[in-house]
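Undergrad: Kindly generate the corresponding structure for this input.
(one chain, ligands or ions: 1)
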Amino acid sequence: MQLSLRLPPGALCRLASVVGGSRTRSSSSAAATEKSAPTPSPTATSNQPAQLEVNGSTYATDSWTNVTPKILSYLGANKHLQRDHPLSIIRQRIVDYFYGAYRNQRGNPLFSVYDKMNPVVTVQQNFDNLLIPSDHVSRQKSDCYYINKHQLLRAHTTAHQVELISGGLDNFLVVGEVYRRDEIDSTHYPVFHQADAVRLVTKDKLFERNPGLELFEETWSGKLADPRHILPSAKIMDQTKQPCHTLEAVKLMEHEMKHVLVGLTKDLFGPRIKYRWVDTYFPFTQPSWELEIYFKDNWLEVLGCGIMRHEILQQAGVHQSIGYAFGVGLERLAMVLFDIPDIRLFWSNDSGFLSQFSEKDIHNLPKYKAVSHYPQCTNDLSFWLPSDVELDAGFSPNDFYDLVRSVAGDMVEQISLVDKFKHPKTGKNSLCFRIVYRHMERTLTQAEVNEIHKQIAAASVDNFNVQIR
Ligand code: DAH
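TA: Next up, the predicted model:
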């Protein structure tokens, strides 16, 4: 595992390649670093209605719009609240752990839980409030589902931090689904679930036993630079602490946070789990870490966390506290804990899947037993991009993956870009995608697959103006 401080921050932290559920690789766009607003993709304007109705509100569309009807159909599914669903069981385990870890003097849980927040958020909530630079790769159209230039489906549950802190909360958990455009394989799905937590403490609480100590450096003016003016090059951060905090405050907070998060990990994976802390970079915390566990001969990232950037608290009207925050992907935890091999299973309504899990005994997690294994069918699709379109400039593989999801839904298990080349004479780019079809719940016939494959080809011609080879 590379330490992120050795890399330019943008290259490592596509926020999410880090903890977003089961993100282990970054998408094609991760390579693009500090560039300005991306060019609209071919899906942006074709067949697009002028308005969209999402969660009971109407939104005007524009050249940023890239949500598909298929993606919108996931809103309100609330798998994390569905009785006996493995994601709901993981949610309850996390919530119960926090209820137990922090109690007030009367013995009541200190943390409150928000698990029905509207996933439609503003660019300000998802990015600006969290100090994510305006040219950060995670904002790209190829990575998020935008409703329009100003609104999107949240890409992480961290998006709700500032509104909840502004509302006066100082210990809370947010659980919900998040939406990201990505590749198609057994660990990636455009909708997955996260839990995020914030804990703020004042000087009196943190230094109860050391009343002489301070949260903030004496020399610090109390004013911070306008975060929006921080240039990308200034993102290389000091992993020790933010300039405003005292070392004592940061160290105590770090100690408490790591103690609680190791406790959560042991609660989930057992007391003997091997773990390690890895330095990393997030725009919204400093210092920042990932917690990794040793599982099946590999180090696996389970969560991201850090000391909250003080600018975020200031924006929310909190001036006299220091905070820690963390975020964790529920699918990744559930896949490991229940031995669930394919992320699509979380969306299955098959009773053979759902009946294996029960809320009655959430401390006894069963291992998933595959109901049966249906055969795969593999078909390739090759096409020429229009002569003025380059790969990742005007066409990104994520555009194609979304189109396939819209046409074929969960029949597709995996897609890989197996070949690309530029014709030496015409200058046109040719791409070949290998599509693996396999249904989770029944056998697909070759004829059925051929028909869907034809529909994908036709839709590609319509949407991207490509020429099938
Ligand atoms: N939002 C991050 C992601 O999706 C995860 C995360 C990291 C959340 C650090 C936090 C945090 O609250 O402090 O990858």
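
Undergrad: Enumerate the positions of stretch 53-70 that are buried.
TA: Residues of stretch 53-70 classed as buried by neighbour count (16 or more other Cβ atoms under 10 Å): 54, 59, 61-62, 64-68. (Each C-beta comes from the backbone N, C-alpha and C, glycine too.)

Undergrad: Helix, strand or coil: sort out the residue of the chain found nearest the ligand for me.
TA: Taking Cβ to the nearest ligand atom, the ligand has its nearest neighbour within the chain at G327, 2.5 Å off. Under DSSP: H, G, I helix; E, B strand; the rest coil, G327 falls in the strand class.

Undergrad: Contacts only, for it.
TA: G327 makes contact with 19, 156-158, 194-197, 303-305, according to Cβ atoms under 8 Å, 6 or more residues apart in numbering.

Undergrad: Then Y145?
TA: Y145 makes contact with 66-67, 71, 152-153, 179-181, 190, according to Cβ under 8 Å, 6+ apart.

Undergrad: which stretches of the stretch 201-350 of the chain aren't confidently modelled?
TA: Residues of the stretch 201-350 of the chain that meet the criterion pLDDT under 70 lie in 225-236.

Undergrad: tell me which residues of stretch 163-181 are tucked away?
TA: 164-165, 169-181.

Undergrad: which pair in these spans the largest distance?
TA: Distance extremes for these: the farthest pair is D170 and R181 at 33.9 Å, using Cβ to Cβ.

Undergrad: neighbours around I273, how many?
TA: 14 (other Cβ atoms under 10 Å).

Undergrad: contacting residues for the residue lying closest to it once chain neighbours are set aside?
TA: Spatial nearest neighbour of I273, excluding adjacent residues (Cβ to Cβ, 6 or more residues apart in numbering): I293 at 5.4 Å. By Cβ under 8 Å, 6+ apart, I293 lies in contact with 265, 269, 273-275, 299-300, 302.

Undergrad: now L333: how far from R93?
TA: 9 Å (Cβ to Cβ, to the nearest Å).

Undergrad: who has more neighbours, those two?
TA: Neighbours per residue (other Cβ under 10 Å) separate L333 from R93, with L333 holding more: 25 against 19.

Undergrad: ok, that one - contacts?
TA: L333 neighbours (Cβ under 8 Å, 6+ apart): 90, 268, 302.

Undergrad: Return the member of the buried residues of stretch 53-70 nearest to F464.
TA: F464 has its nearest neighbour among the buried residues of stretch 53-70 in N66, at 13.2 Å by Cβ to Cβ.

Undergrad: Touching, the closest one and D402? I think so.
TA: Yes - the criterion here is Cβ atoms under 8 Å, and N66 meets it with D402 at 7.4 Å.

Undergrad: Give me the distance between the two termini of stretch 48-64.
TA: Distance across stretch 48-64, first residue to last, is 11 Å (Cα to Cα, to the nearest Å).

Undergrad: what does the stretch 301-450 of the chain put close to the ligand?
TA: Neighbours of the ligand within the stretch 301-450 of the chain, by Cβ under 6 Å from any ligand atom: 304-306, 325-327.

Undergrad: show me the contacts for L313.
TA: Contacts of L313 by Cβ under 8 Å, 6+ apart are 165, 200, 319, 321, 323.

Undergrad: from the buried residues of stretch 163-181, which ones fall inside helices?
TA: 164-165 (DSSP state H).

Undergrad: So of the residues of the stretch 301-450 of the chain next to the ligand, which two are at opposite extremes in space?
TA: For these, the farthest-apart pair by Cβ to Cβ is G306 and G327; their separation is 9.9 Å.

Undergrad: how about the strands of the stretch 351-469 of the chain, start to end?
TA: Assigned by DSSP state E, counting those that start in this stretch, the strands in the stretch 351-469 of the chain fall at 377-384, 390-391, 394-395, 412-422, 429-437, 467-468.

Undergrad: Same question for the stretch 151-300 of the chain.
TA: With DSSP E, counting those that start in this stretch as the criterion, the stretch 151-300 of the chain has strands spanning 151-153, 171-179, 191-202, 275-282, 285-295, 298-308.

Undergrad: What strands flank the third one, and is each parallel or antiparallel?
TA: The one in question is strand 191-202. Strand 191-202 has its sheet partners listed here by DSSP bridges as strand 171-179 (antiparallel), strand 321-329 (antiparallel).

Undergrad: Could you list the domains of the chain?
TA: If you go by the TED database, the domain ranges for the chain are 53-222+236-347, 377-468.

Undergrad: Go through those domains and pick out the most buried.
TA: The highest mean neighbour count among the domains of the chain, using mean count of other Cβ atoms under 10 Å, belongs to domain 53-222+236-347: a mean of 19.
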